[in-house]
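Engineer: Sequence and computational prediction follow.
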Amino acid sequence: MGNLSINIVSFDIPYPANYGGVIDVFYRVKALSELGVKIHLHCFYSDRKKATELDKYCVSVTYYKRKKSVFNALKSLPFIVSSRRNPELEKNLKFNDYPIFFEGLHTTWLLAEDAFPNRIKMVRTHNVEHHYYKSLAKAEKGFAKKMFFNSEARKLKRYQKVLDKADAIFTISDTDSTYFKKRFKNVELVPPFHPYPKPMYLEKALLYAFYHGNLTVPENCDAVRFLINEVFADLELELVVAGKGAESFGKSEFPETDKVRFMGDVSDEEMLDLARNASLHVLPTFQATGFKLKLIYSMLTARNVLVNSKMIEGTGAAPYCSTAETAEEFRAQILKLAYEPLDKSEFEGRINFIERAFSNRNSALAITHFLKQLSR
């Protein structure tokens, strides 16, 4: 496959791969590179630094500063699109005639303007974006941000028709595929790319429940508030919350809580240790949008995984997780699973499902297959 070349336009610098969206981008770049695809990566950025690690996998890496001016928020284009409108990208893409792979609606302004009518153009959808922003608006407490998220949702709903101009749309979940297939052609499911923590079966566990996520994201903050205020308030079991912003979130909202341990900005090794030694992982969400990569991480590292239906919607993972919906159901399941030994064959079945359904190599092969078909 060494004769395949591609331009990938990323909404952010995908390294370090430390939050959902860039995890998918980074491990896609890595997997395609390992198949011999020559990648010209174009990255927008605001507060992340240039990453030499990307040079290992790409022929070239070019960076573009996002323009996060308030004036871009007032335009008819969605802010996530208008803030990435940069003529240098168009100029640089003209240096070759390779296919263009747009990461998210965020990067598609050139698609909207028909800038490359004779080029193969593909879009990776990370969410149904206007649904996602509507959910952000519901979770947001501040008036100004809530207004912004609602405005962005309306703009994104109008803007998504740009996908009609793509030669292929790669969705991230079954649920998203169903939505996009009703509205557009050439829609294909390509599961999320992700790191593979080495599965390790541990017979014994420490007595704590574990939640991990980015605690600067409102959705995750709501999930932790639910766990602390409604689920663990009447339980003796310790809850450990780890991830970006966890300590500051804990200090601001739960300063006197002694039954919850907040651990922010832990290393990959510390996170893995916390994940493997927990009695169970608890992963509620109130947004059934996109795909929650934390689910794959938990399924590879946890003894037991307890979720609500929105966390696993469209993933195929239901047979391998325990589920609860209400606070009462969560409490009952936690009391059961925290002290229940994990059956080794069940753990191995879960691992086999992940390797079968979410293989980075197979997903990369699917993309190269479509590239070859579209190039004919």
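Structural biologist: Looks like it came in fine. Quick caveat: nothing in here was measured; it's all calculated off a predicted structure.
Engineer: Please name the residues that touch Asp114.
Structural biologist: By C-beta atoms under 8 Å, 6 or more residues apart in numbering, the contact set of Asp114 is Lys165. C-beta: built from backbone N, CA, C; applies to glycine.
Engineer: can we see that at 10 Å?
Structural biologist: Asp114 makes contacts with Lys121, Val162, Lys165, as judged by C-beta atoms under 10 Å, 6 or more residues apart in numbering.
Engineer: among the residues you listed, who's most crowded?
Structural biologist: Neighbour counts for the contacts of Asp114, by other C-beta atoms under 10 Å, peak at Lys121, which reaches 21 neighbours.
Engineer: Now that one, what are its backbone angles?
Structural biologist: Per-residue torsions, Lys121: phi -130, psi 130 (degrees, to the nearest 10).
Engineer: Contacts only, for it.
Structural biologist: Contacts of Lys121 by C-beta under 10 Å, 6+ apart are 7, 99-102, 108, 110-111, 114-115, 165-168, 374.
Engineer: Write the ChimeraX selection for whichever of the residues you listed are buried.
Structural biologist: ChimeraX command restricting the contacts of Lys121 to the buried ones, with burial defined by 16 or more other C-beta atoms under 10 Å:
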select :7,99,100,101,102,108,110,111,165,166,167,168
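Engineer: Contact partners for the nearest residue to Val190 once chain neighbours are set aside?
Structural biologist: Closest residue to Val190 apart from its sequence neighbours, by C-beta to C-beta, 6 or more residues apart in numbering: Phe170 at 4.3 Å. Phe170 sits next to 28, 101, 122-126, 176-177, 180, 186-191, 363, 366-367, 370 when contact means C-beta under 10 Å, 6+ apart.
Engineer: hang on, Phe170 in a strand?
Structural biologist: Yes - counting by DSSP: H, G, I helix; E, B strand; the rest coil, Phe170 is located in a strand.
Engineer: rewinding a little: could you dump the contacts of Asp114 into TSV and include distance to Pro319 and pLDDT?
Structural biologist: As requested, the contacts of Asp114 are exported to TSV (distance: C-beta to C-beta, whole Å; pLDDT from 0 to 100):
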residue	distance to Pro319	pLDDT
Lys121	37	97
Val162	37	97
Lys165	39	97
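Engineer: Closest one to Thr62 out of these, please.
Structural biologist: Lys121 (18.1 Å; C-beta to C-beta).
Engineer: in the sheet, who's paired with the closest one?
Structural biologist: Ile100 (DSSP bridges).
Engineer: Wait, His126 touches Gly104, no?
Structural biologist: Yes - using C-beta atoms under 10 Å, His126 is in contact with Gly104, at 4.9 Å.
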